[in-house]
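Colleague: dropping the sequence and predicted coords here.
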Amino acid sequence: MTTYTCAVLTTSDKGAKGEREDTSGPALRELLAAHGFKVAAHALVPDRIEDIRRVLKSWTDHDKIDLIITTGGTGLTPSDVTPEATRPLLDREIPGMAEAMRAASFAKTPHAVMSRGLAGTRGESLLINLPGSRRAALENIEVLLPALPHALAKIKGDPEDCQAHP
């Protein structure tokens, strides 16, 4: 089995100023490590498009990290800009991942319809935007966990046919 690398980027103005503890980033790193991912990097930046893009580009283009998770900045407040920072960097969007996360979250709260997170590829990296709350971030990534190894293999050019698994 292939071990994939991952990184977690928390976007939070208050977190960057030390006014709020980042609970979603560490929880995501722990969960991903428990599922066999090698945590290669993590960072916390303010909700600024240029800061978010700088880290995402470095992790995809220079570090070649397989899976990059962002947490925070997917809502409707004026400072929530993570999807706007992410979208122009993507080679291809994967709408089904974002749709699956929102559908699962909607079963728990009607507020899930306000989440604007994206998923897509840049080179051979998979980028996924998650909400900023610890609970929502974990609930969302857990929806995708079963599909991530296969998705990453395909992004890297795995020629095997996709088959339905019982």
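Modeller: Right, received. Where do you want to start?
Colleague: elements contacting the one helix or strand in the chain whose mean pLDDT sits lowest?
Modeller: In the chain, no helix or strand scores lower on mean pLDDT, DSSP states H and E than helix 13-16, which sits at a mean of 92. On a contact count with 3 or more CB pairs under 8 Å, 6 or more residues apart in numbering; DSSP states H and E, helix 13-16 meets strand 38-45. (Each C-beta comes from the backbone N, C-alpha and C, glycine too.)
Colleague: break down this structure into its helices, ranges please.
Modeller: With DSSP state H as the criterion, the chain has helices at 13-16, 24-34, 49-57, 82-86, 95-106, 134-144, 148-155.
Colleague: show me what counts as buried in the last one.
Modeller: Residues of helix 148-155 classed as buried: 148-149, 151-153, 155 (neighbour count, 16 or more other CB atoms under 10 Å).
Colleague: now swap in the second one and tell me
Modeller: Buried residues in helix 24-34, defined by neighbour count with 16+ other CB under 10 Å: 24-25, 27-29, 31-32.
Colleague: for the shortest one, same thing?
Modeller: Taking 16+ other CB under 10 Å as the neighbour-count basis, helix 13-16 is seen to contain the buried residues 13, 15-16.
Colleague: what do you get for the fifth one?
Modeller: Across helix 95-106, burial judged by 16+ other CB under 10 Å covers 97-98, 100-102, 105.
Colleague: who touches that helix?
Modeller: Residues from elsewhere that reach helix 95-106 (CB atoms under 8 Å, 6 or more residues apart in numbering): 112-113, 115, 117-119, 128-131, 136, 139-140, 143-144, 147, 151.
Colleague: buried subset of these?
Modeller: Buried members of these, counted by 16+ other CB under 10 Å: 112, 115, 117-119, 128-131, 136, 139-140, 144, 151.
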